[in-house]
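Engineer: What follows is a predicted structure for the sequence shown.
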Amino acid sequence: MPVPSADKKTLSHRLRWLAVGTALAIAAIVGANALILVQLHHSTLRDVQDDLLRQSLSLSELVERTLQATDLMLTSVSERAGALASAEDGTQQLESEAFHILLKEKMSGLPQVHALGYLDANGIRSNHWQTWPAPKMDASSLEYFQVLKSNPKMASYLDAPVRGPVTGAWVAIEARPVLARDGRFFGVVYASTDMKYFDELFRSTSMGEGYAITLLRRDGTLLTRYPMGQLTMFPFDKIKIDKSFTQNLTKRAECAAIISAALTLAQNLDIATTAEGVETNDQYKLLRLAGVTSLQGYLFQRPCPVSEIDFDVTFGAPAMAEVA
């Protein structure tokens, strides 16, 4: 039976609206899925950043405790050495077997300590934990001895890593001056830390492929890095400070220390630095004073289309007086 013309138009109209409705439903589903994926992506990035921050701070605390244990031991040895130096036969006592036994006992329980010894006022090794009497060795040209001899009131000095003369292993040496009660300089006591200890520590806490852990001296001098090969495998000309560190800059001392070390390294390598996530005037001021070369974050501009960006305002940094 033939379909009336009016019914055909109604059917066609309904089919057209059905197609449009189906297309809109599909678009809505696709849009919703895309939104969910974007939210999941941002959530995953935040979780990764938070996890990295937690691991970095935990590892920093572990390294700090390890170095503090070495420093406390060395402080005890230097105080004992100072007391011996104040005696009439101070030089003989510092070279005695009794002091050698003390050095050996102090090393027990500290697996990170590679060697422990005493240099006299002329830089000659006069006692050592390993053997007695200690083989004489002239160490007067070493940096830590020269620094402490020139500045005997300096509490301690951590030298840059050098190869040990016997084993050839990379070691970092911390030294403390030995002073008699009248202030006379009697030499230094030193403890060398095998960098392999930290390599093993970093390997056991590795964050996975693509991540690296770097241990720096306060002035930015590289002490060790795991894995070391990545340092030259991927050339870089800029260091970026993650917003998780920026946002905790004024809240956690560990974050401020990590930022300071990164900036010192960048200055030594003569490369640029960028801090992201700058949202407050305090963050801006502290990072500018610390030497960050460029900053980005909500303090300057919220996310918006390119057509709405006022580049003169966005990239024209406010004067320091405005955020003081």
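Structural biologist: In hand now; what should we look at? Residues are numbered from 1 along each chain as shown.

Engineer: mind listing the helices for the stretch 101-250 of the chain?
Structural biologist: Assigned by DSSP state H, counting those that start in this stretch, the stretch 101-250 of the chain shows helices spanning 143-150, 195-204, 230-233, 243-246.

Engineer: could you redo the ones you listed as TSV and give each row mean pLDDT and distance to Arg184?
Structural biologist: C-beta coordinates here come from the backbone N, C-alpha and C atoms, glycine included. Output for the helices of the stretch 101-250 of the chain, formatted as TSV (pLDDT from 0 to 100; distance: least, Cβ to Cβ, whole Å):
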stretch	mean pLDDT	distance to Arg184
helix 143-150	91	12
helix 195-204	72	34
helix 230-233	46	44
helix 243-246	80	46
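
Engineer: just checking, which of those helices sits deepest inside the structure?
Structural biologist: Across the helices of the stretch 101-250 of the chain, averaging neighbours per residue (mean count of other Cβ atoms under 10 Å) puts helix 243-246 on top, at a mean of 21.

Engineer: what about Leu287, neighbour count?
Structural biologist: 22 (other Cβ atoms under 10 Å).

Engineer: okay but Ser244 is in contact with Gly277, surely?
Structural biologist: Yes: here Ser244 lies in contact with Gly277, judged by Cβ atoms under 8 Å, at a distance of 7.4 Å.

Engineer: Okay, now the unreliable bits of the stretch 201-324 of the chain?
Structural biologist: Applying pLDDT under 70 to the stretch 201-324 of the chain flags residues 202, 204-236, 254, 268-269, 304, 306, 308-324.

Engineer: Let me see the ranges of the strands in it.
Structural biologist: Along the stretch 201-324 of the chain, counting by DSSP state E, counting those that start in this stretch, strands occupy 213-216, 222-226, 238-241, 272-275, 294-295.

Engineer: where's Ser78 relative to Pro152, distance?
Structural biologist: Noted for Ser78: a distance of 12 Å to Pro152, by Cβ to Cβ, to the nearest Å.

Engineer: Alpha carbons only: can I get stretch 190-207 in PDB?
Structural biologist: Extracted C-alpha coordinates of stretch 190-207, given in PDB (Å, rounded to 0.1, in the frame of the first residue of the first chain):
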ATOM      1  CA  TYR A 190      89.800  13.100  58.400                       C
ATOM      2  CA  ALA A 191      87.200  10.500  57.400                       C
ATOM      3  CA  SER A 192      86.800   9.500  53.800                       C
ATOM      4  CA  THR A 193      83.500   8.200  52.500                       C
ATOM      5  CA  ASP A 194      83.400   5.800  49.700                       C
ATOM      6  CA  MET A 195      81.000   7.200  47.000                       C
ATOM      7  CA  LYS A 196      80.200   3.600  46.100                       C
ATOM      8  CA  TYR A 197      78.200   3.500  49.400                       C
ATOM      9  CA  PHE A 198      75.900   6.200  48.100                       C
ATOM     10  CA  ASP A 199      75.800   4.500  44.600                       C
ATOM     11  CA  GLU A 200      74.500   1.300  46.200                       C
ATOM     12  CA  LEU A 201      72.000   3.300  48.400                       C
ATOM     13  CA  PHE A 202      70.700   5.200  45.300                       C
ATOM     14  CA  ARG A 203      70.500   1.900  43.300                       C
ATOM     15  CA  SER A 204      68.300   0.300  46.000                       C
ATOM     16  CA  THR A 205      65.900   3.300  46.000                       C
ATOM     17  CA  SER A 206      66.000   3.800  42.200                       C
ATOM     18  CA  MET A 207      62.800   5.600  40.900                       C
END
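
Engineer: Kindly reformat the helices of the stretch 101-250 of the chain as a markdown table containing distance to Gln130.
Structural biologist: Listed next are those as a markdown table, based on distance: least, Cβ to Cβ, whole Å:
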| stretch | distance to Gln130 |
| --- | --- |
| helix 143-150 | 19 |
| helix 195-204 | 18 |
| helix 230-233 | 32 |
| helix 243-246 | 42 |
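
Engineer: thinking Thr280 is in contact with Leu299, fair?
Structural biologist: Yes: counting by Cβ under 8 Å, Leu299 is a contact partner of Thr280 at 6.7 Å.
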